[in-house]
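Chemist: Provide a 3D model corresponding to the input given below.
(chains A and B)
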Protein chains: 2
Amino acid sequence: MKCKLTFLGTGTSQGIPVIGCKCEVCTSTDPRDKRYRSSALVEYGDITMLIDCGPDFRSQMLRAGVEHLDAVLLTHNHKDHTGGLDDLRSFNLLEHKPVNIFCEDYVEHSMEQEYSYAFTEPHYPGVPEWYVRHIDGQHPFRVEPNEILPTLVWESGVGYHKVQSDISEMKRKGVEVIPIQGYHNLDKTFSVLGFRFGQIAYLTDMRCLEEGELEKLKGLKALTLNCVGRKLHHSHFCLDQAIELAQRIGAENTYLTHLAHALGKHEDLEASLPEGIHAAYDGLVIESN
Amino acid sequence: MKCKLTFLGTGTSQGIPVIGCKCEVCTSTDPRDKRYRSSALVEYGDITMLIDCGPDFRSQMLRAGVEHLDAVLLTHNHKDHTGGLDDLRSFNLLEHKPVNIFCEDYVEHSMEQEYSYAFTEPHYPGVPEWYVRHIDGQHPFRVEPNEILPTLVWESGVGYHKVQSDISEMKRKGVEVIPIQGYHNLDKTFSVLGFRFGQIAYLTDMRCLEEGELEKLKGLKALTLNCVGRKLHHSHFCLDQAIELAQRIGAENTYLTHLAHALGKHEDLEASLPEGIHAAYDGLVIESN
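Modeler: Below is the predicted model:
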């Protein structure tokens, strides 16, 4: 099945340029040195998914002209990956559907704290309408078209009413996604999920992977890995670790994301990488058949 | 004392363009029809303040080239006004200071829920360092230079240490800000603060004002008022109400902000308004001596 992944953001949590920074990366005029917070759009079969929904979400949707989302997959609960969830309201209005969100249960707990108004019944008019579904690192899951969700009908001053559609046919559609169990720290207490869509896999914000997960990453056309800098880091792969892991996994091509300005200008970074390993940049598209 | 107010965003909670919208406003090529979420930079005497810190905060700082903030004033706790608070981390790095945040106590309670990691001791390395100070609608408050705050010294892998500066001289500096008590609803259960800086006042997200607050708004050179659309709205002034209130207050000029696409193109809206009443736009600067 065809898969197309578009990098909507490839920067670390502060983005590039960093506010007020005068380094050669932050003042570069190369558009590849302008990085929104890390996120990707995945079009897999007939299903369109967003991976992570950080603070640049609205700007990313406008820049890429995205007008349809079947689901949002969240890797973990940090703000640079969840800070834009309120802005999913635009898709409620546009598609007249709640937005399917797939995440681990601890991520939903954070959302309940951080967006408590979206979980309060009755909903204040205009709050985001989400349909949260729990996933974990062990079990592949199915993402269906968003038509299976109830239709939202707006009543001014009151809010949305939900009207259930006939979903008998829709439930047979959809795609299977394979989760990859990683961790944002070395002692494996902070779970982060990666995702495999056929021959493309996307991993970010990992410091290590669960033993055995490399088995799930065989035969990839393209792999995305996080790399925050050159120095050893407590919560991310550094450059040497990312290159070593990329070579162990052996995808045809590996793309580094979640990049910080300390890694240097895109052009120089790209030129310094081993064959088959690349620096991603905002707008880059990768495809598999 | 001189005051300069720069509109960093003048859009309602979804901004303009609205994702996926094909109306003449959302597809306009007039840069005044591109509106980030409402926010303003106020330079009053020697003090630089940000009013509200929504999801477009980082983009607004980069666009306006802001590299120094003495304080952030929050009008209320809605996401389109607070969603960017995590990104204040950039100013911790840039200025080696926590960021002064002035808000009502209920707004801090929301922040404690929505950014719990910023209130957990010891701080996870890299979380935003804020210094929250409570204000209310009744008492004028003083905003001092951010030099009065402790200096942040970074230790890799650990986080910031705080070193107190000699503040004896700094405490005499600063400016006085007069809060204006408004409400986001008609039954006055949802407090929103406006602010007066000498001859300029900024009010947003109000549906009504506390009786007697008009007294505090006499003799203004410039007033900012929220206006979300033409129809009656449960939580904002509509156009007729905003115009009527502007005329009662009688500032030399009034600027409407928090504008939605339903109000039409900037050029047409501006031409339709009575003398002395204007539609604000991103980048507009107003000044008083």
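Chemist: report the buried residues of stretch A:65-85.
Modeler: Using 16 or more other Cβ atoms under 10 Å in any protein chain shown as the test for burial, stretch A:65-85 gives A:66, A:69-85. Yep, even glycine has a C-beta here, placed from its N, CA and C like the rest.
Chemist: can you tell me which of those are in helices?
Modeler: A:79-82 (DSSP state H).
Chemist: which one of the residues you listed sits closest to chain B?
Modeler: residue A:79 (4.4 Å; Cβ to the nearest Cβ).
Chemist: and the pLDDT at residue A:155?
Modeler: pLDDT, residue A:155: 84.
Chemist: and for residue A:169?
Modeler: 60.
Chemist: and chain B, which of the buried residues of stretch A:65-85 reach it?
Modeler: Within the set of these, contact with chain B (Cβ under 8 Å from any Cβ of the partner chain) is found for A:66, A:79-80, A:83-84.
Chemist: can I get those residues in JSON lines including pLDDT?
Modeler: Below are those laid out as JSON lines (pLDDT from 0 to 100):
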{"residue": "A:66", "pLDDT": "98"}
{"residue": "A:79", "pLDDT": "96"}
{"residue": "A:80", "pLDDT": "97"}
{"residue": "A:83", "pLDDT": "97"}
{"residue": "A:84", "pLDDT": "97"}
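Chemist: now for these: which two are most distant?
Modeler: Across these, the longest distance by Cβ to Cβ is 21.1 Å; it joins A:66 and A:79.
Chemist: not counting its own residues, what contacts the least confident helix or strand in chain A by mean pLDDT?
Modeler: Within chain A, no helix or strand scores below strand A:159-163, which has a mean of 87 by mean pLDDT, DSSP states H and E. For strand A:159-163, the external contacting residues (Cβ atoms under 8 Å, 6 or more residues apart in numbering or on different chains) are A:92, A:98, A:122-127, A:129, A:150-155.
Chemist: residues of the stretch 51-200 of chain A that sit close to chain B?
Modeler: For the stretch 51-200 of chain A, the residues found near chain B under the criterion Cβ under 8 Å from any Cβ are A:55-59, A:61-62, A:66-67, A:79-80, A:83-84, A:86-87, A:89-91, A:93-94, A:113-116, A:125-126, A:156-157.
Chemist: of these, buried ones?
Modeler: Applying 16+ other Cβ under 10 Å to these flags A:55-59, A:61-62, A:66, A:79-80, A:83-84, A:86-87, A:89-91, A:93-94, A:114-115, A:126 as buried.
Chemist: of the residues you listed, which belong to strands?
Modeler: Of these, none are assigned to strands by DSSP state E.
Chemist: and the residue of the stretch 101-250 of chain A that's closest to chain B?
Modeler: residue A:114 (4.6 Å).
Chemist: ok, the nearest residue to that residue once chain neighbours are set aside - contacts?
Modeler: Leaving aside its sequence neighbours, residue A:114 sits nearest to residue B:114 (Cβ to Cβ, 6 or more residues apart in numbering or on different chains; 4.6 Å). The contact partners of residue B:114, taken as Cβ under 8 Å, 6+ apart, are A:113-115, B:82.
Chemist: could you report the pLDDT at residue B:114?
Modeler: Value for residue B:114, per-residue pLDDT: 96.
Chemist: also the one 10 residues further on?
Modeler: Predicted confidence (pLDDT) for residue B:124: 80.
Chemist: any stretches of the stretch 151-289 of chain A with poor pLDDT?
Modeler: Across the stretch 151-289 of chain A, the ranges flagged by pLDDT under 70 are A:166-172.
Chemist: residue boundaries of the helices in it?
Modeler: For the stretch 151-289 of chain A, the helices defined by DSSP state H, counting those that start in this stretch cover A:239-249, A:266-272.
Chemist: can you say which of those is packed in most?
Modeler: Most buried of those, by mean neighbour count (mean count of other Cβ atoms under 10 Å in any protein chain shown): helix A:239-249, with a mean of 17.
Chemist: what comes into contact with that one?
Modeler: Under Cβ under 8 Å, 6+ apart, the answer for helix A:239-249 is A:209, A:214, A:217-218, A:220, A:223, A:225-227, A:229-230, A:237, A:254, A:256, A:263, A:273-274, A:276-277.
Chemist: kindly report the same for stretch A:95-106.
Modeler: Counting by Cβ under 8 Å, 6+ apart, A:68-74, A:76-77, A:85, A:88, A:91-92, A:111, A:128-137, A:141, A:143-144, A:146-147, A:149-153, A:162, A:177, A:191, A:193 sit against stretch A:95-106.
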